[in-house]
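Peer 1: I would like to see how this sequence folds:
(one chain, ligands or ions: 1)
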Amino acid sequence: MAFEGLSSRLQNVFGKLRGKGKVSEDDVNEAMREVRLALLEADVNFKVVKDFIAKVKERAIGQELAKSFTPGMVIIDIVNKELTELMGGTNTKLAKANKPPTVILMAGLQGAGKTTSSAKLAKLLLKEKHKPLLIAGDIYRPAAIKQLQVLGEQIGVPVFTMGDQTSPVDIARAGLQQAKDNGHDYVIIDTAGRLHIDEALMNELKQIHETTKPDEVLLIVDAMTGQEAVNVAQSFHSQLELTGVILTKLDGDTRGGAALSVKAVTGCPIKFAATGEKIEPLEPFHPERMASRILG
Ligand code: GDP
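Peer 2: Alright, predicted model coming up:
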């Protein structure tokens, strides 16, 4: 289960504070030291941890804990609020084009879950009574097109493909035209993954971007890869101006670092959280719910 380690460590720290009628400055410092260690161990970016602890302490001092009857609860509440803020405060909704279709470009490293998330996003849009079109733009990974076609068929969403001999830029352009002709209000462009940030493929993404002028550029990152996910997000963001992140594999035993750092480091909101290999509608990411889940 995701965040298990972090969650149980934080619950432990706060368990000690909860029952106390009085909380000394030493108690607060000790608790913050433990929270700091728990966050670092959960693979949260060290600068993010430092800022986080400073903010919590500042708020705690401002709240005059000494006068509170339940100082332990006050601190837990402060940590909850700061954790929520750290992850973006509130849910950030998917952008919508003034004139349909809304174009969503999916980017990310190979294996992050791009194709799976494209289908899950299409399923969510379908559930909301939209008419999405999936575009198979990954012509490099063998079977990527087929994978998207199979998923499309499974959820009842058409998949636009031109095989693997046409350039992804031309595929994206033609797919977008087809979406307009057929009255689709959302277009999801699945693109080629890469093992590492790779200049040729990044240039291709930029060209697709230029051609389709997406309303959303979503980076799919694998939460299991922790800090690496944040580094990847930062590199993509510097080249592509991401509008949001989809965090995948939150069902695994991720330590949580990516979820807690990616917004603070890149400024990009996590818009969706993905769990499981089955194609269920993608779930909008709610920072406040995630914070409460972590704090138990
Ligand atoms: P792509 O290369 O980025 O298109 O990645 P895929 O969509 O093909 O996904 C790579 C692997 O991760 C596949 O085996 C997926 O079933 C799996 N996967 C994708 N998303 C999730 C998720 O949220 N949770 C889990 N457990 N597996 C996932």
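
Peer 1: now the residue lying closest to Met87 once chain neighbours are set aside: how far from Glu82?
Peer 2: Nearest residue to Met87, sequence neighbours excluded (Cβ to Cβ, 6 or more residues apart in numbering): Pro287, at 3.6 Å. Just so you know, the C-beta spots here come from the backbone N, C-alpha and C atoms, and that holds for glycine as well. In this view, Pro287 and Glu82 are 11 Å apart by Cβ to Cβ, to the nearest Å.

Peer 1: all helices of the stretch 151-296 of the chain, in order?
Peer 2: 168-181, 199-212, 227-240, 257-266, 287-295 (DSSP state H, counting those that start in this stretch).

Peer 1: centre of the chain to the third one, how far?
Peer 2: Relative to the mean C-alpha coordinate of its chain, helix 227-240 is positioned 12 Å out (Cα atoms, centre = their mean, to the nearest Å).

Peer 1: cool, and stretch 83-90?
Peer 2: 12 Å.

Peer 1: near the ligand, which residues of this structure are found?
Peer 2: Within reach of the ligand by Cβ under 6 Å from any ligand atom, the chain has these residues: 108, 110-116, 193, 220, 248-249, 251-252, 274-277.

Peer 1: could you rerun that using 8 Å?
Peer 2: Where the chain comes near the ligand, counting by Cβ under 8 Å from any ligand atom, the residues are 108-118, 120, 138, 141, 144, 147, 190, 193, 220, 222, 248-252, 274-277.

Peer 1: any idea whether Gly72 is helix, strand or coil?
Peer 2: On the three-state scheme (DSSP: H, G, I helix; E, B strand; the rest coil), Gly72 is labelled helix.

Peer 1: what does the one 4 residues further on give?
Peer 2: Secondary structure of Ile76, reduced to three states by three-state DSSP: helix.

Peer 1: out of everything not next to it in sequence, what's closest to it?
Peer 2: Nearest to Ile76 is Phe14, by Cβ to Cβ, 6+ apart, at 5.0 Å.

Peer 1: for the ligand, see how far away the one you found is.
Peer 2: 29 Å (Cβ to the nearest ligand atom, to the nearest Å).
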